[in-house]
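Asker: Let me see the structure of the following:
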Amino acid sequence: MVKTDEVEKAYQLAKARYAELGVDTDKAMEALKKVKLSMHCWQGDDIHGFLNPNQELTGGIGVSGNYPGIARTPDELTGDLHEALSLIPGQHKVQLHSLYAVTDKKKDLNEVGPEDFKYWVDWAKQEGVGLDMNPTFFSHPMVKNNFTLASPEKAVRDYWIEVGKKSREIANYFGEELGQQSVNNFWIPDGFKDNPIDKQTPRERLIESLDEVFAKKYDEKNTIEAVEGKLFGTGIESYTVGSHLFYNNYAISRGKLWTIDAGHWHPTEDVSDKFSAFLPFGKGLMLHVSRPVRWDSDHVVIFDEALQRITRSLVRDNQLSRTNIGLDFFDATINRVSAWVIGARATQKALLQAMLAPIDDLKKAELNFDFTKRLAVTEELKSYPFGAVWDEFCLQNDTPVGTDWLDNIHDYEQKVQFPRDAK
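Answerer: Numbers count the residues shown, from 1 in each chain. Purely as a prediction, here's the structure:
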């Protein structure tokens, strides 16, 4: 177990080192505390949901692994989320999908409404968290020939338009009840496996469908929509209707947020470079922080260079206030609660490291073409003791320091998760 006095001694030394560069570590921790991550509920149950939990995953969605203790009920999933949130410093949000409706009636995706998410709102009030929303456009028989909102079949489009409208009602309900803006993120799996003849018409249909979904106005203090593109997906390798450029333009022209999922781009692209190109024109960003390994494989987020580039860009350009940071990964080869904890804490570490830099001084050096100083200081910062500041941040927020949180996970899985498999 980490000793508190050792953590505080290390922090004081780190504080002094950073002060030499003009960096206030206490202010950095205060800034980090204000950043709310949006935790994705689907890590806890492998994206089964509660409407039809035995439905096969489709739409390019897949989860590998069968680690014991999967959440099967609303109480089990919220219990697992509570455990994860208790091990992550700060106060955060939780993302839901339409398929996580909690109802005692037989309902389809296009029928679920705010009344079917009262369970989640009551839980969120008790937990002190906000709720974000995602309409579910996958794992359903009405995904026909890999098409939903852009389908050539009007009946298919109409079905999914209603799903989208219902999700907006639900997101508005979240905002009204919880007093926090609910981001409602739209991603669809539409496209072709092989080369299409007509690339234009499906996108025109998608524009028409989205415009109908968004026709009703809601107070943005309660909810705002985000649109998410993708390079390709399983089964739509040759053509994605909702491409990045399509949604970039749609977001700007319709006043929506643009969602950038770190796993949805070509592996050689730096997604952090997109932020400063979009934000001078767009309303704001929604991020899905994920870790692609060769493709959109949604590995648990770790403290790697890609994540550090993302957080440095947001912090250095002062864009945190215009950016919603959500997590999006699923791994069933490890304890599912631990995946949340590892990914969230890695994201917070990356944000903190970005904040622990003399940014104004470095910008001034850059403006004066002093590239020597810029390179020298940023290189030295890589070995500065930011880990000691992170440990202090955990201590101040009453969460375990270092790997002490693993003891909580081991105890939780033995007492709560593993017994589920015996039932």
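Asker: I'd assumed residue 37 was in contact with residue 92.
Answerer: Yes - when contacts are counted by Cβ atoms under 8 Å, residue 92 is listed as touching residue 37 (4.8 Å). Every residue, glycine included, has its C-beta placed from N, CA and C.
Asker: Quickly list what's touching both of those two.
Answerer: Taking Cβ atoms under 8 Å, 6 or more residues apart in numbering as the contact rule, the neighbours common to residue 92 and residue 37 are residue 344.
Asker: Looking at these two, which one has more neighbours?
Answerer: Ranked by neighbour count (other Cβ atoms under 10 Å), residue 92 and residue 37 place residue 37 first, with 26 against 23.
Asker: List the residues that contact the more buried one.
Answerer: 88, 90, 92-93, 325-327, 344, 347-348.
Asker: Show only the entries of these found in strands.
Answerer: Judged by DSSP state E, the subset of these located in strands is 93, 325-327.
Asker: Show me which of these are buried.
Answerer: 93, 325-327 (16 or more other Cβ atoms under 10 Å).
Asker: Just the closest of the residues you listed to residue 288, please.
Answerer: residue 326 (5.4 Å; Cβ to Cβ).
Asker: Can you tell me the closest non-neighbouring residue to that closest one?
Answerer: residue 38 (3.7 Å; Cβ to Cβ, 6 or more residues apart in numbering).
Asker: Show residues contacting stretch 75-92.
Answerer: So stretch 75-92 is contacted by 32-33, 35-39, 41, 44-45, 71, 94, 100, 120, 123, 127-130, 336-337, 340-341, 344-345, 348, 393-394, 396-397, 399-400, 405, 408-409, 412, 416-417, 420 (Cβ under 8 Å, 6+ apart).
Asker: Any chance of a PyMOL selection covering the buried ones in the residues you listed?
Answerer: In PyMOL, a selection of the buried entries from the contacts of stretch 75-92 looks like this (16+ other Cβ under 10 Å):
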select buried, resi 32+35+36+37+38+39+41+44+45+71+94+100+120+123+127+129+130+336+337+340+341+344+345+348+393+394+399+400+405+408+409+412+417
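Asker: and the contacts of stretch 75-92, which of them are in helices?
Answerer: Here DSSP state H is the test, and these give 32-33, 120, 123, 127, 336-337, 340-341, 344-345, 348, 393-394, 396, 405, 408-409, 412 as lying in helices.
Asker: Any chance of TSV for the ones in strands among the contacts of residue 37, columns pLDDT and distance to residue 244?
Answerer: Putting the ones in strands among the contacts of residue 37 into TSV (pLDDT from 0 to 100; distance: Cβ to Cβ, whole Å) gives the following:
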residue	pLDDT	distance to residue 244
93	98	25
325	98	19
326	98	17
327	98	20
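Asker: Please identify which of the residues you listed is nearest to residue 146.
Answerer: residue 326 (24.9 Å).
Asker: wouldn't the closest one be in contact with residue 289 here?
Answerer: Yes - at 6.9 Å, residue 326 and residue 289 qualify as touching, with contact defined as Cβ under 8 Å.
Asker: For residue 115, which three-state class applies?
Answerer: helix (DSSP: H, G, I helix; E, B strand; the rest coil).
Asker: To clarify, my last question referred to residue 288.
Answerer: The three-state assignment at residue 288 reads strand, by three-state DSSP.
Asker: now the buried ones among the ones in strands among the contacts of residue 37 as JSON lines including distance to residue 276?
Answerer: Converted to JSON lines, these look like this (distance: Cβ to Cβ, whole Å):
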{"residue": "93", "distance to residue 276": "25"}
{"residue": "325", "distance to residue 276": "16"}
{"residue": "326", "distance to residue 276": "20"}
{"residue": "327", "distance to residue 276": "22"}
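Asker: and residue 96, that's in a strand?
Answerer: Yes - using three-state DSSP, the secondary structure at residue 96 is a strand.
Asker: gap between it and residue 376?
Answerer: 46 Å (Cβ to Cβ, to the nearest Å).
Asker: Please apply the same query to residue 359.
Answerer: For residue 359, the distance to residue 376 - Cβ to Cβ - is 15 Å.
Asker: Looking at these two, which has the bigger crowd around it?
Answerer: Using other Cβ under 10 Å as the criterion, residue 359 and residue 376 rank with residue 359 on top: 17 against 12.
Asker: Need the nearest residue in space to residue 114, chain neighbours excluded.
Answerer: The nearest residue in space to residue 114 (Cβ to Cβ, 6+ apart) is residue 173, at 3.7 Å.
Asker: Report pLDDT for residue 141.
Answerer: At residue 141, the predicted lDDT confidence score is 92.
Asker: Run a quick neighbour tally on it.
Answerer: Neighbours of residue 141 (other Cβ under 10 Å): 9.
Asker: show me what contacts it?
Answerer: Per Cβ under 8 Å, 6+ apart, neighbours of residue 141: none.
Asker: Could you do residue 333 as well?
Answerer: 64-65, 67.
Asker: Strands of this structure, start to end?
Answerer: 37-40, 93-97, 130-134, 182-186, 191-192, 223-228, 239-240, 257-261, 285-289, 323-327.
Asker: pretty sure residue 266 contacts residue 230?
Answerer: No - Residue 266 lies out of contact with residue 230 (Cβ under 8 Å); the separation is 11.2 Å.
Asker: which one of the two has more residues nearby?
Answerer: Neighbours per residue, other Cβ under 10 Å: of residue 266 and residue 230, the larger number sits with residue 230, 24 against 11.
Asker: The more buried one - nearest residue in space that isn't next to it in sequence?
Answerer: residue 264 is the one closest to residue 230 (Cβ to Cβ, 6+ apart), at 4.4 Å.
Asker: And for residue 167, the neighbour number?
Answerer: Residue 167 is flanked by 27 other residues according to other Cβ under 10 Å.
Asker: How about the one 3 residues further on?
Answerer: Other residues near residue 170 come to 26 when the count uses other Cβ under 10 Å.
Asker: contacting residues around it?
Answerer: Per Cβ under 8 Å, 6+ apart, neighbours of residue 170: 98, 112-114, 116-117, 133.
Asker: By neighbour count, which of the residues you listed wins?
Answerer: That'd be residue 133 among the contacts of residue 170, by other Cβ under 10 Å, with 28 neighbours.
Asker: Give the residue spans of this protein that score low on pLDDT.
Answerer: 57-60, 423 (pLDDT under 70).
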